[in-house]
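Undergrad: Just to be clear, the model below is a prediction. Sequence and coordinates:
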Amino acid sequence: MADTNFAERLGNAMAACGLKQVDLIRLASEQGVKLGKSQLSQYLSGKTAPRRDMLAFLSTALGADLEPASAAKQEVPMRTFDKSSKLDHVSYDVRGPVVDAAMRMEENGVHILKLNIGNPAPYGFRTPDEVVQDMASQLTETEGYSDSRGLFSARKAIMQYDPLKGITNVSMNDIYTGNGVSELINLIMQAMIDTGDEILVPSPDYPLWTACVTLAGGKAVHYLCDEQADWLPDLDDIRSKISSATKAIVVINPNNPTGALYPKAVLEEIVEVARAHQLIILADEIYDRLVMDGEEHVSIAHLAPDLFCITLNGLSKSHMIAGWRIGWMSISGNKRLGRGLVEGISMMSNMRLCSNVPAQSIVQTALGGYQSVKNYVVPQGRVCRQRDFVYERLREIDGVHVAKPKAAFYIFPRLDPKKFNIHDDDQFALDLLQDKKVLIVPGKGFNWETPGYFRIVYLPRRAVLGDALDKLADFLTYYRQ
Ligand code: PLP
């Protein structure tokens, strides 16, 4: 781009010295500097600016500081890149600042006891052999894209699984596989939400739901789950949060982070509210096979055949293959209500081409074969024993209150506010990390406003859990905020 400021400065400097163009050209030639007439004219008209060596000559010849001031003025500030403003109000602190601090400590060689992430494999929960072999034998056949909804075999298996949960009226075209339920939560929200739409989301929640609602331009309106009622949803609170902008209700059952399992009667009440206000039901049931104490999981979609329902499930937890990234959603109920929405979901599905095909190829085996997860949740099973152990140990700690989880592999204790006076959850988690090298997720990370709560993942082996709980117990003998 032409430098008009420079042209002005050059003209002024020449005038001040009483030099004409020819004089300057002669001076240049005398000093062995190549300066042509048209070149100088171009500088003076602002069409071009001189290079550094010519600039230095002109500055010296005219006794004017043509260079430094202009260089400083022209210096363009370094362009930096920030995250998009769309993310300004989005938070996902399950992998947030406390985890960052833990990673830094690990980089410095500190061993951290991690009770923070629901990722079964690193804790010795292995994918069933049959499933691994199945994936291996199909690898060469799964190199290409699949149908954007998913492989026939995968969707067929899901279509057969749904009726076992009483979800009927699901056809092959109502099923979409995803790179984990995570991808589908985001996909649904992008397809469904207009700016300002309100979505009822539980508090505490698995925070991806709130994050995806917000990212899509919607408003996550949190309804309370009641600790005093074993963390069941508070129906009155749900009712009080409904407005004319409410479009859907998210039900996470079994629940992360509380481990609650919702009885049929509570689900029926939620359906009643959804029916009265014509809401979409979004059911996250990824822990539906990790249920203990002989209880049975009830799918909410089974109770709402007349409403538009989307049920999400996957293999990350029940089949311990979180890393292969396979989840799915089934659309059921009164599908006519959501024709337009389904169009949006299909568009979003097509736009990501398809989900990971090798992972889809094992859905049939995983769902149809022997369910090894059952061994984990019986009274002598590993998940159940670890749950009992953690629950009992927490109860023994003075000032810790805890509801016994019935499902999944999380527990969500509360610290007595009078005793510990916790007002900053993150600080509590950071202090515990610093002092005891134990990593938990603060309650705030689950959109739970009251401070003093945190989540423990009880997947690590009992010895590790015991060690971590000893440290926590000791920490709580002296820690106060
Ligand atoms: N939904 C809930 C309630 C979860 O707890 C998780 C993961 O922890 C997910 C969804 C995401 O699962 P996926 O691995 O299928 O993406």
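TA: Arrived safely, thanks for sending. Quick caveat: nothing in here was measured; it's all calculated off a predicted structure. Numbering: from 1, shown residues only.
Undergrad: Would you mind measuring from residue 477 to residue 432?
TA: Taking Cβ to Cβ, to the nearest Å as the measure, residue 477 falls 13 Å from residue 432. Yep, even glycine has a C-beta here, placed from its N, CA and C like the rest.
Undergrad: Ignore what I typed, I meant residue 395.
TA: In terms of Cβ to Cβ, residue 395 sits 19 Å off from residue 432.
Undergrad: Compare residue 477 and residue 432 (neighbour count), which wins?
TA: residue 432 (22 against 9; other Cβ atoms under 10 Å).
Undergrad: For the stretch 51-200 of the chain, what lies in contact range of the ligand?
TA: 118, 180-182 (Cβ under 6 Å from any ligand atom).
Undergrad: Go again with 8 Å.
TA: Within the stretch 51-200 of the chain, the positions near the ligand by Cβ under 8 Å from any ligand atom are 94, 117-118, 178-183, 185.
Undergrad: for the stretch 351-481 of the chain, same thing?
TA: Residues of the stretch 351-481 of the chain lying near the ligand (Cβ under 8 Å from any ligand atom): residue 408.
Undergrad: Just want the residue of the stretch 351-481 of the chain that's nearest the ligand.
TA: Here the stretch 351-481 of the chain gets closest to the ligand at one residue, residue 408, 7.4 Å apart by Cβ to the nearest ligand atom.
Undergrad: pretty sure that residue contacts residue 290?
TA: Yes: with contact defined as Cβ atoms under 8 Å, residue 408 reaches residue 290; the gap is 5.3 Å.
Undergrad: Looking at these two, which has the bigger crowd around it?
TA: Neighbour totals were compared for residue 408 and residue 290, and residue 408 leads with 28 against 23 (other Cβ under 10 Å).
Undergrad: measure the residue nearest to the more buried one when sequence neighbours are not counted to residue 327 for me?
TA: Excluding the flanking residues, the one nearest residue 408 by Cβ to Cβ, 6 or more residues apart in numbering is residue 287, at 4.1 Å. To residue 327, residue 287 is 12 Å away according to Cβ to Cβ.
Undergrad: out of the residues of the stretch 51-200 of the chain next to the ligand, what pair is the most spread apart?
TA: 117 and 178 (19.8 Å; Cβ to Cβ).
Undergrad: The two: who's more crowded?
TA: Remark: of residue 117 and residue 178, residue 178 carries more neighbours, 28 against 16, as counted by other Cβ under 10 Å.
Undergrad: okay, that one: pLDDT?
TA: Residue 178 carries a pLDDT value of 98.
Undergrad: Skip the chain neighbours and tell me the closest residue to it.
TA: Closest to residue 178 by Cβ to Cβ, 6+ apart is residue 184, at 3.8 Å.
Undergrad: give me every residue that touches the one you found.
TA: The contact partners of residue 184, by Cβ atoms under 8 Å, 6 or more residues apart in numbering, come to 176, 178, 312, 327-329.
Undergrad: could you redo the last one with a cut-off of 10 Å?
TA: By Cβ atoms under 10 Å, 6 or more residues apart in numbering, the residues touching residue 184 are 176-178, 212, 284, 310, 312-314, 327-329, 345, 348-349, 355.
Undergrad: just residue 362 next, same as before
TA: Contact partners of residue 362, counting by Cβ under 10 Å, 6+ apart, are 127-128, 130-138, 142, 153-154, 157, 315, 319, 321, 324, 326, 369.
Undergrad: Please convert the residues of the stretch 51-200 of the chain next to the ligand to JSON lines, extending it with secondary structure.
TA: Formatted as JSON lines, these follow (DSSP: H, G, I helix; E, B strand; the rest coil):
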{"residue": "94", "secondary structure": "helix"}
{"residue": "117", "secondary structure": "coil"}
{"residue": "118", "secondary structure": "coil"}
{"residue": "178", "secondary structure": "strand"}
{"residue": "179", "secondary structure": "coil"}
{"residue": "180", "secondary structure": "helix"}
{"residue": "181", "secondary structure": "helix"}
{"residue": "182", "secondary structure": "helix"}
{"residue": "183", "secondary structure": "helix"}
{"residue": "185", "secondary structure": "helix"}
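Undergrad: least confident pick among the residues you listed?
TA: residue 94 (70).
Undergrad: is it true that that residue touches residue 455?
TA: Yes: counting by Cβ atoms under 10 Å, residue 94 touches residue 455, with 8.6 Å between them.
Undergrad: between the two, what contacts are shared?
TA: Common neighbours of residue 94 and residue 455 (criterion: Cβ under 10 Å, 6+ apart): 116, 118, 256-257, 441, 445-446.
Undergrad: And the residue of the chain found nearest the ligand, how far from residue 317?
TA: Residue nearest to the ligand within the chain: residue 180 (2.5 Å; Cβ to the nearest ligand atom). Look at residue 180 and residue 317: by Cβ to Cβ, they are 10 Å apart.
Undergrad: Just give the number of residues close to the residue of the chain closest to the ligand.
TA: Using other Cβ under 10 Å, residue 180 has 24 neighbouring residues.
Undergrad: Contacts only, for it.
TA: So residue 180 contacts 208, 286, 312, 314-316, 322-328, 355-356, 359 (Cβ under 10 Å, 6+ apart).
Undergrad: Of the residues you listed, keep whichever come out buried.
TA: Buried subset of these (neighbour count, 16 or more other Cβ atoms under 10 Å): 208, 286, 312, 314-316, 322, 324-328, 355-356, 359.
Undergrad: So residue 293 versus residue 271, what's the distance?
TA: To residue 271, residue 293 is 24 Å away according to Cβ to Cβ.
Undergrad: now residue 7
TA: Distance, residue 7 to residue 271, using Cβ to Cβ: 76 Å.
Undergrad: Compare the two (neighbour count), which wins?
TA: Neighbour count, other Cβ under 10 Å: between residue 7 and residue 271, residue 271 has more, with 23 against 18.
Undergrad: these two touch, right, that one and residue 299?
TA: No: at 11.2 Å, residue 271 does not count as touching residue 299 under the criterion of Cβ under 10 Å.
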